[in-house]
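*Asks:* Pasted the sequence and its predicted model underneath.
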Amino acid sequence: MAPKLVSLLLLFSQLVAIAFALPAEVPAELEARQSISTLSTTEVSSYKPYTWYAFAAYCNPANTLTWKCGVRCSSNPSFIPIASGGDGILVQYWYVGYDPTLESVIVAYQASRLSRN
């Protein structure tokens, strides 16, 4: 058999298996489980320190360890860094510390490699 035909047959068999694995009965109506409420400006503002922590995760580890990475760090001036690392390419930047104002341990890491940003 030609390789394309084999691939198509395998794909078709997988689609058939998925189709038969679906539930036989689909509910006619969706059930409301909870309401959605709008956050106040104050509630939204309370998350601002965490956005700066996320932004600081893209700073060089030498800067996060001394907590000197411009506005990203100065926006949370009471933060006490404990450790930081990564190279920003193969290993994402990361840091760990404590914020006495928020009474929270902060663990942050770069979400993607700089080469792909």
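*Replies:* Received, thanks.
*Asks:* what about the helices in this protein?
*Replies:* 3-21, 41-45, 48-56, 61-66, 71-74 (DSSP state H).
*Asks:* just checking, what packs against the last one?
*Replies:* Of the remaining helices and strands, those touching helix 71-74 by 3 or more Cβ pairs under 8 Å, 6 or more residues apart in numbering; DSSP states H and E are helix 48-56. Glycine gets a C-beta too; all of them are placed from N, C-alpha and C.
*Asks:* Kindly export the helix it packs on (C-alpha atoms) in PDB.
*Replies:* The C-alpha coordinates for helix 48-56 follow below in PDB (Å, rounded to 0.1, in the frame of the first residue of the first chain):
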ATOM      1  CA  LYS A  48      -1.000  45.200  40.500                       C
ATOM      2  CA  PRO A  49       1.900  44.000  42.700                       C
ATOM      3  CA  TYR A  50       1.700  40.500  41.200                       C
ATOM      4  CA  THR A  51       1.800  41.900  37.600                       C
ATOM      5  CA  TRP A  52       5.100  43.600  38.500                       C
ATOM      6  CA  TYR A  53       6.400  40.300  39.900                       C
ATOM      7  CA  ALA A  54       5.500  38.600  36.700                       C
ATOM      8  CA  PHE A  55       7.200  41.300  34.600                       C
ATOM      9  CA  ALA A  56      10.400  41.100  36.700                       C
END
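*Asks:* which parts of it are buried?
*Replies:* Applying a neighbour-count criterion of 16 or more other Cβ atoms under 10 Å, the buried positions in helix 48-56 are 49, 52-53, 55-56.
*Asks:* Contacts for it next, please.
*Replies:* Here helix 48-56 makes contact (Cβ atoms under 8 Å, 6 or more residues apart in numbering) with 64, 69, 71-73, 75-76, 79, 95, 99, 101-102, 106, 108.
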